[in-house]
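[1] Sequence and predicted structure, then a few things I'm wondering about:
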Amino acid sequence: MKKNIVFGLAALAAAACRADAVHDMTEAKTWTDAGGKTFRYRWHAPAKIEQGRKYPLVVLMHGAGERGTNNVDQLAIGATEVLKYAVESGNDCFFLAGQVPGNQQWVDVPWSHLDHRMPEKPSETMALQMAFMEKLFAELPVDRDRVYATGISMGGYGTWDLVSRKPEWFAAAMPVCGGADVRQAWKFKNVPTWTHHGDKDGVVPFARSRRMTAALWDLGCPVKYTEHPNVGHGSWTPAYGTRKNLEWLFSQKRKAVPRVPFASGDKIAFLGDSITQFGAERPTGYVHLVMDGLAAQGVKAELVAAGVSGNMSHHMRARLQKDVLDKKPRWMFFSCGVNDAPNGYEDARKNPGHPLKEYAADVTQIVRAAKQAGVGVIMLEPTPVVEEPHLANENEKPYVEAFRKIAAAEKCPIVPLNAVFNSVIAAKENPFKRELTRDGTHMAPAGDRLMAEVILRTLGW
């Protein structure tokens, strides 16, 4: 008993020393936004800011137990290890650790559920942190190619949420024992993640990390996952206590997403079938949302709507000149395949489709003719034929694969709509409940929004 007491006192003394050290390395600060809301945070900056040099920024989000208003407790887990590594390894950085008030969360969702949907708006503290980060980017020499997000438990949820909202900000993320909205996985295509969870976690189910990791793998996103054996909720100890994990984090650099150079005055054509036709006919359709998204960023372009219901590849090839090329567009979005694939129905709706070999030849001819006319071609993968599980989607797979191969061969940008839609559909609780489409094929508002967001983000907008 006496020995245990001695060891216990020694551990407490060591913890106190670590706490004192990290307190000495950080300052307690507050920031108040224009609306009078206060963001409490601990801050570390490199000891000496060299002229012309930029420095990484690490954003650490604490767990539920460190909530409050004392502007101290958020340093309890992870801060010491991160800052010690940064300074000792020559990676001294800006370090931000905000504190969530006791009655709030980084993400306003339950922690015990096996799934959640990312709220439309960030929580109050997350919104404040995001606004403050924009201020940091504008005023300090932050290396925008080395911005990292990490956090534990409630802050693990925060890590996934923050990067899902602003993937273009981050070089890498290291969420620990948190949970993500798997419908956002596609946004991590250019953000490497290393997720940590304990296989005995009784607070946040490790299935949360497994599901997101599986979704990332399926989409080809850069992801690492460590499930720590015989570890409960405290997987932050090996996550931050293992030097190679921090070496990995600080070694990551943001992958630039090439921006397609749309410009004001450009004519932009959308060639496709009924999904494109309806996307242009409705003000909330994906075509208008893309054009509106460009306009919001200063690009005032002219729309050339060329979607026709029921069209297959040979129909589009036949009308390409009249409906698109004669109108002299600078760019052409091109989607084709939903009608070409046999739809798998055996009743009056039966569509035998268009032979795959002829489809590939038609698509190739369309792309080459447009390019020869000086039109920049952007290929949009066809969305799933039916939102719910159906043979038609299996029949469509070789058409999607052929479309991808043609895009690669012709060196055209391609937007992974099929992959993203399938990932989002796979996350539905009820696979037969239509959420993205009105009738299984044609977009509902949620589907139009998803199409537009994937298009704009993929093309650097």
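    In hand now; what should we look at? Not measured: the values here are computed from a predicted model. Residues are numbered from 1 along each chain as shown.
[2] alpha carbons only for contacts and neighbour counts from here, please
    Fine.
[3] the strands in this structure, which residues?
    Listed from the start of the chain, the chain has strands (DSSP state E) covering 27-32, 38-44, 55-61, 94-99, 142-152, 172-176, 193-198, 223-228, 267-272, 302-307, 331-334, 376-380, 414-415.
[4] Direction included, what does the last one pair up with?
    Which is strand 414-415. Strand pairing for strand 414-415, using DSSP bridges, gives strand 376-380 (parallel).
[5] tell me how far the partner strand is from the chain's mean position?
    Averaging C-alpha positions (Cα atoms, centre = their mean, to the nearest Å) puts strand 376-380 22 Å from its chain's average.
[6] how does the chain divide into domains?
    The chain resolves into domains spanning 23-251, 267-458 when parsed by automatic domain parsing.
[7] Tell me who's in contact with the nearest residue to Leu216 once chain neighbours are set aside.
    Closest residue to Leu216 apart from its sequence neighbours, by Cα to Cα, 6 or more residues apart in numbering: Ala185 at 5.6 Å. Contact criterion Cα atoms under 8 Å, 6 or more residues apart in numbering gives Ser164, Met212, Ala215, Leu216, Leu219, Ser423 as the residues in contact with Ala185.
[8] can I get the residues you listed in CSV with neighbour count and distance to Leu128?
    Listed next are the contacts of Ala185 as CSV, based on neighbours: other Cα atoms under 10 Å; distance: Cα to Cα, whole Å:
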residue, neighbour count, distance to Leu128
Ser164, 20, 16
Met212, 24, 26
Ala215, 22, 29
Leu216, 24, 28
Leu219, 19, 31
Ser423, 20, 30
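[9] which one of those residues is nearest Gln365?
    Each of these was scored against Gln365 by Cα to Cα, and Leu219 proved nearest at 28.7 Å.
[10] and that closest one, what is it in contact with?
    The contact partners of Leu219, taken as Cα under 8 Å, 6+ apart, are Ala185, Trp186, Lys189, Ala419, Val420, Ser423.
[11] Over to Trp461?
    If a contact means Cα under 8 Å, 6+ apart, then Trp461 has Arg259, Gly293, Leu294 as its contacts.
[12] Can you report how many residues lie near Lys121?
    Around Lys121 sit 11 other residues, with neighbours defined as other Cα atoms under 10 Å.
[13] gap between it and Phe137?
    Remark: distance between Lys121 and Phe137 (Cα to Cα, to the nearest Å) = 22 Å.
[14] Can you tell me how far the residue nearest to Leu216 is from Ser209?
    Distance, Ala185 to Ser209, by Cα to Cα: 12 Å.
[15] can you pull the pLDDT of the nearest residue in space to Arg117 that is not next to it in sequence?
    Sequence neighbours aside, Asp181 is the residue nearest to Arg117 in space, at 5.3 Å (criterion: Cα to Cα, 6+ apart). The model reports Asp181 with a pLDDT of 96.
[16] Repeat that for Ala11.
    Reading off the confidence values, Ala11 has pLDDT 35.
[17] Can you name the residues that contact the residue nearest the centre of the chain?
    Averaging the C-alpha coordinates of the chain gives a centre point, and the residue nearest to it by Cα atoms, centre = their mean is Lys187 (1.9 Å). Neighbouring residues of Lys187 by Cα under 8 Å, 6+ apart: Ser164, Pro167.
[18] How about Met154?
    The contact partners of Met154, taken as Cα under 8 Å, 6+ apart, are Met61, His62, Gly63, Ala64, Gln105, Trp106, Val107, Trp111, Gly178.
[19] Pull the number of nearby residues for the first one.
    So the one you mean is Met61. Met61 is surrounded by 31 other residues when neighbours are defined as other Cα under 10 Å.
[20] cool, the second one as well?
    Using other Cα under 10 Å, His62 has 29 other residues around it.
[21] How confident was the prediction at it?
    So, for His62, pLDDT stands at 98.
[22] which residues sit in contact with it?
    With contacts defined as Cα under 8 Å, 6+ apart, the neighbours of His62 are Gln74, Leu75, Ile77, Ala97, Gly98, Gln99, Gly151, Ile152, Ser153, Met154, Gly155.
[23] rerun that using 7 Å as the cut-off
    If you count contacts by Cα atoms under 7 Å, 6 or more residues apart in numbering, His62 has them with Gln74, Gly151, Ile152, Met154, Gly155.
[24] about what we covered before: which pair of the contacts of Met154 spans the longest distance?
    Across the contacts of Met154, the longest distance by Cα to Cα is 15.3 Å; it joins Met61 and Trp111.
[25] Name the nearest residue to Gly460, sequence neighbours excluded.
    In space, not counting the residues next to it along the chain, Gly460 is nearest to Arg259; the distance is 4.1 Å by Cα to Cα, 6+ apart.
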